[in-house]
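Colleague: predicted model and sequence below, questions to follow.
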Amino acid sequence: MKKIYQEILQAKAENRKLLAILLDPDKIEMDNLSVLVERIIQSPATHIFIGGSIVETNKINEQINFLKEKVTIPIVLFPGNPSQISIFADGILFLSLLSGRNPDYLIEHHVNAVSLLKNTSLEIISTGYILIESGSETAVERISKTKPLDRNNVEYVCQTAKAGEYLGNKLIYLEAGSGAKLAVPLEMIKAVSQEISIPLIVGGGIRSQKAIQNAFDAGADLVVIGTAFENDLNFFTHD
Ligand code: 1GP
């Protein structure tokens with residue numbers, strides 16, 4: 001088994017919570033990258049996720065190479081489509097959008113990514129990605145042309161997550177969407193974490209230390225912070 005996933009499993013076994021900072025290369029200027037890297041190093045982040053809705057490969061490559069010189073935590077691709085694959089990252093969340101019924105995001109993009117992926121040393125981590133309704137339309141919804149799952153139907157979300165585990169995914173990611181109005185409900189995190197035996201990632205609309213802690217307490221193994229850090233590089237030094 002490869003290293004990144006092994007460490008996530010190990011952390012789960014020890015009840016050690018993990019935190020990923022999500023970087024969207026389209027929103028980062030190379031000139032500001034040094035400050036950004038400083039703040040990441042000072043933060044409690046255990047992983048960097050990198051990806052976004054648009055993004056060109058050149059931009060990702062340039063930013064990852066810069067990051068790799070300075071940080072030691074794993075850099076994991078969180079791609080919106082196969083054009084966002086960089087051979088310079090450490091791993092990739094190989095996402096299946098289980099909440100939707102668009103074959104492109106269930107299998108088509110994956111097939112198209114193979115010729116590139118098989119010539120890299122990226123650790124490929126299959127991830128069941130479940131979009132949860134969050135109060136307004138999000139970029140994932142718009143781009144994937146899929147509907148999120150009802151935030152009140154905890155049972156159906158649990159069944160979807162469990163099906164993702166049965167299909168062989170190594171992680172389940174409950175996603176409210178970047179900049180979501182409403183984060184994934186805590187009772188849903190709790191129910192899904194009890195339903196599955198693989199690690200649970202939660203992200204989207206989490207904007208405070210308290211909200212991070214609440215997600216951990218509810219059962220998230222890894223929380224993803226994007227917008228809150230993007231808007232305030234000192235986010236992790238506030239109470
Ligand atoms: C989005 O879950 C991530 O894919 C992070 O969301 O930008 O709202 O923190 P935020």
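Modeller: Received the coordinates, thanks. Numbering: from 1, shown residues only.
Colleague: strands along the chain, start to end?
Modeller: Here the chain has its strands, by DSSP state E, at 18-23, 47-50, 75-77, 91-97, 123-131, 171-175, 200-203, 222-225.
Colleague: can I get those in JSON lines including distance to the ligand?
Modeller: Just so you know, the C-beta spots here come from the backbone N, C-alpha and C atoms, and that holds for glycine as well. Output for the strands of the chain, formatted as JSON lines (distance: least, Cβ to the nearest ligand atom, whole Å):
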{"stretch": "strand 18-23", "distance to the ligand": "5"}
{"stretch": "strand 47-50", "distance to the ligand": "8"}
{"stretch": "strand 75-77", "distance to the ligand": "12"}
{"stretch": "strand 91-97", "distance to the ligand": "10"}
{"stretch": "strand 123-131", "distance to the ligand": "9"}
{"stretch": "strand 171-175", "distance to the ligand": "5"}
{"stretch": "strand 200-203", "distance to the ligand": "2"}
{"stretch": "strand 222-225", "distance to the ligand": "4"}
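Colleague: kindly reformat these as TSV containing mean neighbour count.
Modeller: What follows is the strands of the chain, written out as TSV (neighbours: other Cβ atoms under 10 Å):
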stretch	mean neighbour count
strand 18-23	22
strand 47-50	24
strand 75-77	22
strand 91-97	22
strand 123-131	22
strand 171-175	26
strand 200-203	25
strand 222-225	23
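Colleague: in TSV: the ones you listed, plus mean pLDDT.
Modeller: Shown next, in TSV, are those (pLDDT from 0 to 100):
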stretch	mean pLDDT
strand 18-23	98
strand 47-50	98
strand 75-77	98
strand 91-97	98
strand 123-131	98
strand 171-175	98
strand 200-203	99
strand 222-225	98
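Colleague: so which of these is nearest Glu155?
Modeller: strand 123-131 (13.5 Å; Cβ to Cβ).
Colleague: show me which residues of this protein sit near the ligand.
Modeller: Residues of the chain lying near the ligand by Cβ under 6 Å from any ligand atom: 22, 175, 178-180, 203-206, 224-228.
Colleague: please produce TSV containing the strands of the chain, extended by distance to Glu69.
Modeller: Below are those laid out as TSV (distance: least, Cβ to Cβ, whole Å):
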stretch	distance to Glu69
strand 18-23	15
strand 47-50	13
strand 75-77	11
strand 91-97	18
strand 123-131	20
strand 171-175	28
strand 200-203	26
strand 222-225	23
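Colleague: who wins for proximity to His110 among the ones you listed?
Modeller: Once the strands of the chain are compared by Cβ to Cβ, strand 91-97 is nearest, at 6.7 Å.
Colleague: now for the closest one, which elements pack on it?
Modeller: strand 75-77, helix 109-117, strand 123-131, strand 171-175 (3 or more Cβ pairs under 8 Å, 6 or more residues apart in numbering; DSSP states H and E).
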